[in-house]
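K.L.:
quick one, structure for this:
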Amino acid sequence: MTYALTFFVALGIAAIATPVSMKLAGRWGAIAYPGGRHVHTKQIPCLGGLAIYAAFWSAALIMQVWDQQMLGLFLGSTLILGVGIWDDVRGMRPLVKFIWQIAAAAVLIFFDFSMKTISLPFIKDIHFDKPGFGAVGLILMLFWVVGLVNTVNVSDGLDGLAAGICFIAALLLFWSANQIVQPTVAPAHLTLALAGALLGFLFFNFPPARVFMGDSGSMFLGYIIGGISIMGLLKTATILGLVFPLLVLGMPVTDLTFAIIRRKLRGLSMATADRGHLHHRLLDAGLTQRSAVLSMYGISACFGVAAVLGAKGQWIWALAVLFVVFTLLIIILMRRTAMLAVFSRRHSK
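P.N.:
Numbering: from 1, shown residues only. Next up, the predicted model:
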């Protein structure tokens, strides 16, 4: 079976399943209402994550890329999807949701998911598979998966934003899966199944959105990306295993980091919602929702370019790209609205 077939199977199933998820959202009451910090102006169903889940795992099943680790990823992602659906329908306190995220990540422990070896730029490989250090690799794995779950969750603030960012990340992770000396079929097929599912969903989610993915979708995406990247890490000791996905998701990671710092400085809980995120800054500067989303796609693509350059060993160029991108992000996140307004006017011409 070809990679292209995996992609188009997932895309087709997502295109069919998304309208079904919209009807289920209406029936179950999973509706996002306008007002407050939300930028949409009408009621929108928010159970699109169910369609992404169905498309992703249906494609994986059809392409027959299952093994023991795939079973662990399936069980854990099903649990995190269930938590997200409950949150979308009935709501859930942040602490309770966080505990369930840890529980879902812990499922992977029973299927040999662990960070046994980490390779970082300019640093020798760090091994956690030696006697007495095994627990460190497991703790890092839990931290990694839960961190990515919340990173993607935070990025889901505009129509098509989280889906588009993760679509770019999935394509780049597919590229990295094929750079491994002895590539494994499962991670490559999974990344393309994820990309296809997201593109099919984006037909309905790109601004103006007719459906949101909800927490069920954003947490599922973070979980799958975290799990796939660890599967890659188990097969290679290069930076492709860990640093690559971190750079690919550099924009939401930066946004989340600034959000944590911002809330701590204000004496607020890290779970407190505010209008200080990157997409809020762009909207406040005068960009339309579609322009803001496309701008953030561009920033994500730049992070992806830096990741590819780093993977090829061209770290000077990678650092140069990262310096430019981080400078732009800091300008936006530090509320220099006058400079942003100039950018907004130029962008609208």
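
K.L.:
going forward, measure contacts and count neighbours with C-alpha atoms only.
P.N.:
OK.

K.L.:
next one: stretch 17-27 to chain centre, how far?
P.N.:
Stretch 17-27 has its C-alpha centroid displaced from the chain centroid by 22 Å (CA atoms, centre = their mean, to the nearest Å).

K.L.:
now L199, nearest residue through space, not along the chain?
P.N.:
L11 (6.2 Å; CA to CA, 6 or more residues apart in numbering).

K.L.:
ok, that neighbour - how many residues close by?
P.N.:
Look at L11: counted by other CA atoms under 10 Å, it has 28 neighbours.

K.L.:
next helix or strand past the helix or strand encompassing it?
P.N.:
Per DSSP states H and E, L11 falls inside helix 3-28. Proceeding N to C from helix 3-28, the next assigned helix or strand is strand 31-32, under DSSP H and E.

K.L.:
run through the neighbouring helices and strands of the next helix or strand after that next one.
P.N.:
Next along the chain after strand 31-32, taking DSSP H and E as the criterion, comes strand 44-45. Packing partners of strand 44-45 (3 or more CA pairs under 8 Å, 6 or more residues apart in numbering; DSSP states H and E): helix 3-28, strand 31-32.

K.L.:
of all the ones you listed, which one is nearest W66?
P.N.:
With CA to CA, the closest approach to W66 among the helices and strands packed on strand 44-45 belongs to helix 3-28: 13.6 Å.

K.L.:
quick one: buried residues of the closest one?
P.N.:
Neighbour counts over helix 3-28 (16 or more other CA atoms under 10 Å) mark 3, 5-15, 17-19, 21-22, 24-25 as buried.

K.L.:
same thing with stretch 308-318?
P.N.:
V308, L309, G310, A311, W315, A318.

K.L.:
so which helix or strand takes in the last one?
P.N.:
Read that as A318. Short version, using DSSP H and E: A318 is in helix 315-333.

K.L.:
which secondary structure elements does that helix contact?
P.N.:
Helices and strands touching helix 315-333, by 3+ CA pairs under 8 Å, 6+ apart, are helix 278-284, helix 289-311.

K.L.:
before we move on, the earlier item: I'd say the residue nearest to L199 and A55 touch.
P.N.:
Yes: when contacts are counted by CA atoms under 8 Å, L11 is listed as touching A55 (7.2 Å).

K.L.:
just the strands in the stretch 51-200 of the chain please.
P.N.:
117-118, 126-127 (DSSP state E, counting those that start in this stretch).

K.L.:
and the first one, average pLDDT?
P.N.:
Confidence over strand 117-118, taken as the mean pLDDT, stands at 63.

K.L.:
just for this structure, where's the confidence low?
P.N.:
1, 35-41, 65, 116-134, 179-185, 232-242, 270-275, 335-349 (pLDDT under 70).

K.L.:
do a quick rundown of the helices in it.
P.N.:
3-28, 48-62, 68-90, 94-107, 134-155, 161-177, 185-205, 214-233, 243-248, 250-265, 278-284, 289-311, 315-333, 337-348 (DSSP state H).

K.L.:
export those to TSV and append columns for distance to F113.
P.N.:
Formatted as TSV, these follow (distance: least, CA to CA, whole Å):
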stretch	distance to F113
helix 3-28	24
helix 48-62	19
helix 68-90	8
helix 94-107	9
helix 134-155	7
helix 161-177	17
helix 185-205	14
helix 214-233	7
helix 243-248	17
helix 250-265	22
helix 278-284	33
helix 289-311	23
helix 315-333	29
helix 337-348	43
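
K.L.:
tell me which of the ones you listed sits nearest to M115.
P.N.:
M115 sits nearest to helix 134-155 of all those, at 4.5 Å, using CA to CA.

K.L.:
list the contacts for L190?
P.N.:
F56, A60, I228 (CA atoms under 8 Å, 6 or more residues apart in numbering).

K.L.:
where's it relative to V324, distance?
P.N.:
From L190 across to V324, the span is 32 Å (CA to CA, to the nearest Å).
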